[in-house]
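Q: Take this sequence and fold it.
(2 chains)
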There are 2 protein chains.
Amino acid sequence: MCPNNPVLTHHISSQFNDELQDVNTKFMTMGGLVEQQVANAIHALLDTDVSMAIDVQFQDNVVNQMEREIDEALTLILARRHPAAIDLRMVIAMSKANTDLERIGDEASKIGRIAQSLCEEGGSPRGYMETRHIGNQVRVMIHDALDAFARLDVDQALKVMLADADIDREYQSATRTLMTYMIEDPRHITRVINVLWVLRSLERIGDHARNISEQVIYMVKGFDVRHTSVEEIEQRVQR
Amino acid sequence: MCPNNPVLTHHISSQFNDELQDVNTKFMTMGGLVEQQVANAIHALLDTDVSMAIDVQFQDNVVNQMEREIDEALTLILARRHPAAIDLRMVIAMSKANTDLERIGDEASKIGRIAQSLCEEGGSPRGYMETRHIGNQVRVMIHDALDAFARLDVDQALKVMLADADIDREYQSATRTLMTYMIEDPRHITRVINVLWVLRSLERIGDHARNISEQVIYMVKGFDVRHTSVEEIEQRVQR
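A: This is a model prediction of the structure:
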């Protein structure tokens, strides 16, 4: 399932290996699902696809269920196997990243809800260019963060962190543009505020992808790099 | 430190007990700090206190540092003590709730940043009544959730969950009121949107207090009640 992940091949107990493998597979499946949810939510909004907007909201239940199952499996591993060193870090990292994946699912569901109401209302697609652009970038970030997690790839994790800094800047700029639209044409205030919420959700998704990448570095290097600038992390990693 | 918490008195190894006690004390200290941060952020906004608004943002570093220290202590307990049953659930619950406390600190810091810019601009305090009201309620929720955590009090945890449902309704209503202000008087759009962000942060803080309460139920009863309605949780708990 994950031939490049060295954590999943070094155990003396093959049952322990199977358990870690299983939970890792489920985590990656959930990651793929959440990535697709974000893509579908943006598609629903930009292409006014109401049925897809509704579907994204329903699918959130599947993600929620997977979150519970992954945490349950991790707790069983802690209780029965007493993992140590990188195994323990992998369990802890996956538990934290699991929360982030679920929150990404929540944000996708929120975008789905807004997409549904915007589709039903119709009207001017102000801010859609910015949404498409930032939406594509955060999708790539989720993908790259999960890829870094699967392959224990610190460089890839750092790349995601750098991308998050870009997202934050673009989000600020898009917000200013939308403010200007509202002031120029107050008739569309409600609509534009909904687009602002979508952008906010996308920015939060970028943060969660960054969090997952921080867990990759914790898992591989044993450093807790939360609340640390990318430059400092790069220096620590290269030491 | 926490005489009502039965988890912290039943261990044969006094060293294990001390370690759990220490991390629990740190967790409660962080909780108190975060609760104060939220109170200060709202005070800074409503009473246009710029220096307090700046202070709230600075204090976020202290909260971040505590988050790291708590997770480090919990990882050491897992690695050395191999906790089981309610001890293990306490470690897991604290690890999850630690993330929620840190996020509450982040939201308080965001409110501090907005308060700073609104103080500096001056102008009409539209939406401040709603902010005061919802702000007071979420402060009580944080306090009650931490109290439930300290005393393993399931009923108190349920109370927090019910309060979160109220917050969500009041947030929706406040948002509609602010939209009306903007449409009626577009000159204040930027200002009112900032107040909207504050309300959004408060609503998120309520969600985090609810998450902490869910962890109390997990710790005491062993059920994972995330993504479950309060009615269903009440039924399961009473069975």
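Q: Can you mark which positions in the one helix or strand A:Phe149 maps to are buried?
A: Secondary-structure assignment from DSSP states H and E places A:Phe149 in helix A:128-151. By 16 or more other C-beta atoms under 10 Å in any protein chain shown, the buried positions in helix A:128-151 come out as A:128, A:130-131, A:134-135, A:137-139, A:141-151. For glycine as for every other residue, the C-beta is placed from the backbone atoms N, C-alpha and C.
Q: Packing partners of the worst-scoring helix or strand of chain A on mean pLDDT?
A: Least confident helix or strand, chain A: helix A:230-238 with a mean of 91, by mean pLDDT, DSSP states H and E. With contacts taken as 3 or more C-beta pairs under 8 Å, 6 or more residues apart in numbering or on different chains; DSSP states H and E, helix A:230-238 sits against helix A:154-184, helix A:189-221.
Q: With just CA atoms, put it into CSV.
A: Extracted in CSV, the C-alpha atoms of helix A:230-238 (Å, rounded to 0.1, in the frame of the first residue of the first chain):
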residue,chain,number,x,y,z
VAL,A,230,9.5,28.3,7.7
GLU,A,231,13.0,29.8,7.7
GLU,A,232,13.7,28.5,11.2
ILE,A,233,12.3,25.1,10.4
GLU,A,234,14.5,24.9,7.3
GLN,A,235,17.6,25.7,9.4
ARG,A,236,16.8,23.1,12.0
VAL,A,237,16.0,20.4,9.5
GLN,A,238,19.3,21.0,7.6
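Q: Close to chain B: what parts of chain A are there?
A: Along chain A, the residues adjacent to chain B under the rule C-beta under 8 Å from any C-beta of the partner chain are A:61, A:64-65, A:67-68, A:71-72, A:75, A:78-79, A:82, A:84, A:88-89, A:92, A:95-96, A:99, A:179, A:182-183, A:186, A:189-190, A:193, A:196, A:200, A:224, A:226-227.
Q: Tell me who's in contact with the one residue sitting closest to the centre of chain A.
A: Among the residues of chain A, the one closest to the centroid is A:Ala209, at 4.2 Å (C-alpha atoms, centre = their mean). Neighbouring residues of A:Ala209 by C-beta atoms under 8 Å, 6 or more residues apart in numbering or on different chains: A:Asp100, A:Ile104, A:Val138, A:Met141, A:Ile142, A:Asp144, A:Ala145, A:Val160, A:Ala163, A:Asp164.
Q: mind listing what the closest residue to it other than its chain neighbours touches?
A: Once flanking residues are discounted, A:Ala209 sits nearest to A:Met141: 3.9 Å by C-beta to C-beta, 6 or more residues apart in numbering or on different chains. Counting by C-beta under 8 Å, 6+ apart, A:Met141 makes contact with A:Val160, A:Ala163, A:Asp164, A:Ile167, A:Ile205, A:Gly206, A:Ala209, A:Arg210.
Q: Show the buried residues in those.
A: Among those, the ones that count as buried by 16+ other C-beta under 10 Å are A:Val160, A:Ala163, A:Asp164, A:Ile167, A:Ile205, A:Gly206, A:Ala209, A:Arg210.
Q: ok, those residues vs A:Arg113, which is closest?
A: Distance to A:Arg113 across the buried ones among the contacts of A:Met141 (C-beta to C-beta) is lowest for A:Ile205, with 15.1 Å.
Q: Mind listing what's buried along the helix ranked longest in chain A?
A: When chain A is parsed with DSSP state H, its longest helix is helix A:85-121. By 16+ other C-beta under 10 Å, the buried positions in helix A:85-121 come out as A:86-116, A:118-119.
Q: what's the answer for stretch A:22-41, then?
A: For stretch A:22-41, a neighbour-count test (16+ other C-beta under 10 Å) marks A:23-24, A:26-28, A:30-31, A:33-35, A:37-41 as buried.
Q: Could you list the residues in contact with that stretch?
A: Counting by C-beta under 8 Å, 6+ apart, A:1-2, A:5, A:8, A:52-53, A:55-56, A:59-60, A:62-63, A:66-67, A:69-70, A:73-74, A:77, A:94, A:97-98, A:101, A:104-105, A:107-109, A:111-112, A:115, A:135, A:138-139, A:142-143, A:146, A:149-150, A:205 sit against stretch A:22-41.
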